[in-house]
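Undergrad: Build me a model from this:
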Amino acid sequence: MIVVGCGRVGSELAGILEKSGHTVAIIDKKPDAFRRLPTGFGGQLIEGFGFDRDTLITAGAENAGALAAVTSGDNSNIMAARVAREVFSIEQVVARIYDPRRAAIYERLGIPTVATVAWTTDQILRRLVPDEHEPVWVDPSGRVCLVERQLPKSWAGQKLVALQEPGKFLIVAVDRIGASRVFDPALVGQEGDTLRIMVEVDAFDALENRLTDAPETTGGH
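TA: This next block holds a predicted model:
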């Protein structure tokens, strides 16, 4: 995991990711910024710019699974995200953007963004480690919850209704290109979709199996 920017957001993210068991490298152009990191942080501290290829190589970008660009500058964050995606083929990339209008444009270019007006640390974590986050909502009885999952690439081009199992888990909404829509049974999946799924707690394993199964094995139409 690579975090670009060691401000309040970046330092908190780095600490949470390391505590969750991830190997973390954090980049900042100001060495004094690393003082914000939690006591005992054991990740790699790198002075430099997050969009510089050599700096990213030092941070382990060639083998990294995720990068979050959360500096105070939109341009720096987008440049870092694009280099991570286009040069190093890092799969999970997210950029913090202050201007929501620009965020929508970059979403269309395939760069997931989080605008400051809607930002929380949890939202960033959901994009970096989509299979490890906690439910978005849990009902008072603890039996039903709402989760977010990124659509696996194998399901792109398939009808999303085939992912559902009535009585166990149902898709309630789909986030696509920066906009949400209520689920329509005729909706066909696109790469980059985020699904909001209502699921019984006892059916978590079944949901994960359905998401990882190839569409032809799930009875899709």
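Undergrad: Tell me the predicted confidence for I16.
TA: pLDDT, I16: 91.
Undergrad: do the same with D131
TA: The per-residue pLDDT of D131 was computed as 58.
Undergrad: With T194 instead?
TA: At T194, pLDDT is 90.
Undergrad: correct me, but it touches E148?
TA: Yes: in this structure, T194 is within contact of E148 by Cβ atoms under 8 Å, at 5.7 Å. To be clear about C-beta, it is placed using only N, CA and C from the backbone, and glycine gets the same treatment.
Undergrad: just checking, next helix/strand downstream of the helix or strand where R196 lies?
TA: In this structure, R196 sits in strand 194-200 according to DSSP states H and E. Per DSSP H and E, the first helix or strand lying C-terminal to strand 194-200 is helix 204-212.
Undergrad: And that next one, how far out from the chain middle?
TA: 19 Å (Cα atoms, centre = their mean, to the nearest Å).
Undergrad: who does it touch, helix- and strand-wise?
TA: strand 144-150, strand 169-176 (3 or more Cβ pairs under 8 Å, 6 or more residues apart in numbering; DSSP states H and E).
Undergrad: Next, the buried residues of it.
TA: L207, R210, L211 (16 or more other Cβ atoms under 10 Å).
Undergrad: Just name the closest of these to E47, please.
TA: Closest approach to E47 among the buried residues of helix 204-212 (Cβ to Cβ): L211, at 39.6 Å.
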